[in-house]
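quick check, what structure comes out for this input:
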Amino acid sequence: QVQLVESGGGMVQAGGSLRLSCAASGNIVSINNMGWYRQAPGKQRELVASITRSITYGSRPNYADSVKGRFSISRDNAKNTVSLQMNSLKAEDTAVYYCNVNGVLLTTHYSGKDYWGEGTLVTVSS
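Model (predicted):
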């Protein structure tokens, strides 16, 4: 019903920047929550940043403490895309990054399911 395609991962030196993008496709009318998670080797998947669509307040971002001030999440509701600008990258940011969306209004019904991308690897060398 919903497909997510990520792009923008790669290798960068510490202090560098990368931008991740995720495009959602399918019979989508609107998406409530869009975000990025990451999973480092031997660790659990964790939330990096999310952004909620709010008619009243506009898009509201949320960040993990470890990335506040360095990462910035944005979304384009017309294109159903979410991006993550990552600056001042550190070795500990190395992980597979996953795009996530939930609260999707489809043309046929509302879906509360979590949808995940396949992941894109970010490697930060120190």
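
what are the bridge partners for the closest residue to Y110 other than its chain neighbours, then?
Nearest residue to Y110 in three dimensions, chain neighbours excluded: V104, at 7.4 Å (C-beta to C-beta, 6 or more residues apart in numbering). (Each C-beta comes from the backbone N, C-alpha and C, glycine too.) With DSSP bridges applied, V104 shows beta-bridge pairing to I31, S111.

phi, psi of A91?
Dihedral angles of A91 (phi, psi; degrees, to the nearest 10) stand at phi -60, psi -30.

got the confidence number for it?
Per-residue pLDDT puts A91 at 97.

tally of neighbours for it?
A91: 11 surrounding residues under other C-beta atoms under 10 Å.

that one against S126, yeah?
Yes - counting by C-beta atoms under 8 Å, S126 is a contact partner of A91 at 4.2 Å.

okay, buried residues for the helix or strand containing N33 please.
Element membership for N33 (DSSP states H and E) is strand 28-39. The neighbour-count check on strand 28-39 (16 or more other C-beta atoms under 10 Å) flags I28, I31, N33, M34, G35, W36, Y37, R38 as buried.

so the fifth one bridges to which residues?
Think G35. S50, N100.

pretty sure it is touching R53, no?
No - look at G35 against R53 with C-beta under 8 Å: they stay out of range, at 11.6 Å.

which other residues reach the strand holding N33?
2, 20, 22, 24, 45-53, 62, 73, 75, 77, 80, 82, 84, 93, 95-107, 119, 122 (C-beta atoms under 8 Å, 6 or more residues apart in numbering).

buried subset of those?
With burial judged by 16+ other C-beta under 10 Å, the buried subset of these is 2, 20, 22, 24, 48-53, 73, 75, 80, 82, 84, 93, 95-104, 119, 122.

hmm, back to that, now for the buried residues of strand 28-39: which two are most distant?
Between any two of the buried residues of strand 28-39, the greatest separation by C-beta to C-beta is 24.2 Å, found for I28 and R38.
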